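[1] Sharing a model that was predicted from the sequence below.
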Amino acid sequence: AKLLSLLTVGVLSTLLLYLVSILSTAVWFGSEGFLPYVTASGGKAMEINFFLYQLADAFVQFIDVFVFMLFAFMLSIVTRNTAASVGISIGVYFGGSMAMTMVGQFLKGEWINFIPFTNLSLSTKFFPYSGLNNMMTGMGIVNTGTSLPFSLCYLAVLCICMLYVAKDSFCRRDI
């Protein structure tokens, strides 16, 4: 029940974020702001409708939130302390991105691809031609060292492991 409530609130929040972004684009930029997303695939230019692109991008960014929701969910079951689990997961969310920036600047190697933070931020992998993504990649902020299938498989295995730990801990304490 707790996991389904987290998922429901997350999806509804993502839909609310989508609506607010559409409305704010309309207010600030008018109808000229509704530009389609243009991509190249197989040597051909393709475009995605602005509204569909914004919705897809919002749900792709929700994958990161879902991973951290599962992390907080697992910690709340293991520690039996919801406040500590939420605080730790928020701290890891903000601290992890700063730590990965430092690690990316000073350390190199294939092992960096197996740090969870490297495989988050899937929006740059799903939509590589987004203007903001190109600007951040040029500044060296976004790490695009892993492929999309690798990141999705890695995050799926990570989520399965967190769900297993949560279920195992719950069943052991419930008996």
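    Looks like it came in fine. Numbers count the residues shown, from 1 in each chain.
[2] which helix in this protein runs the most residues?
    helix 50-79 (DSSP state H).
[3] what's it packed up against?
    Counting contacts by 3 or more C-beta pairs under 8 Å, 6 or more residues apart in numbering; DSSP states H and E, helix 50-79 is packed against helix 2-29, helix 82-106, helix 123-126, helix 148-174. Placement of C-beta: from N, CA and C, glycine included.
[4] for these, which one ends up most surrounded?
    Most buried of those, by mean neighbour count (mean count of other C-beta atoms under 10 Å): helix 123-126, with a mean of 18.
[5] so for it, what's the average pLDDT?
    Average pLDDT, helix 123-126: 84.
[6] helices or strands up against it?
    Counting by 3+ C-beta pairs under 8 Å, 6+ apart, helix 123-126 packs on helix 50-79, helix 131-138, helix 148-174.
[7] Distance check, the nearest residue to residue 148 once chain neighbours are set aside against residue 57.
    Nearest non-adjacent residue to residue 148, counting by C-beta to C-beta, 6 or more residues apart in numbering: residue 125, 4.3 Å away. Separation of residue 125 from residue 57 (C-beta to C-beta, to the nearest Å): 12 Å.
[8] Quick check: nearest residue in space to the residue nearest the centre of the chain, chain neighbours excluded?
    Per C-alpha atoms, centre = their mean, the C-alpha nearest to the average position across the chain is that of residue 64, at 2.2 Å. Counting by C-beta to C-beta, 6+ apart, residue 64 lies nearest to residue 120, which is 4.8 Å off, once chain neighbours are set aside.
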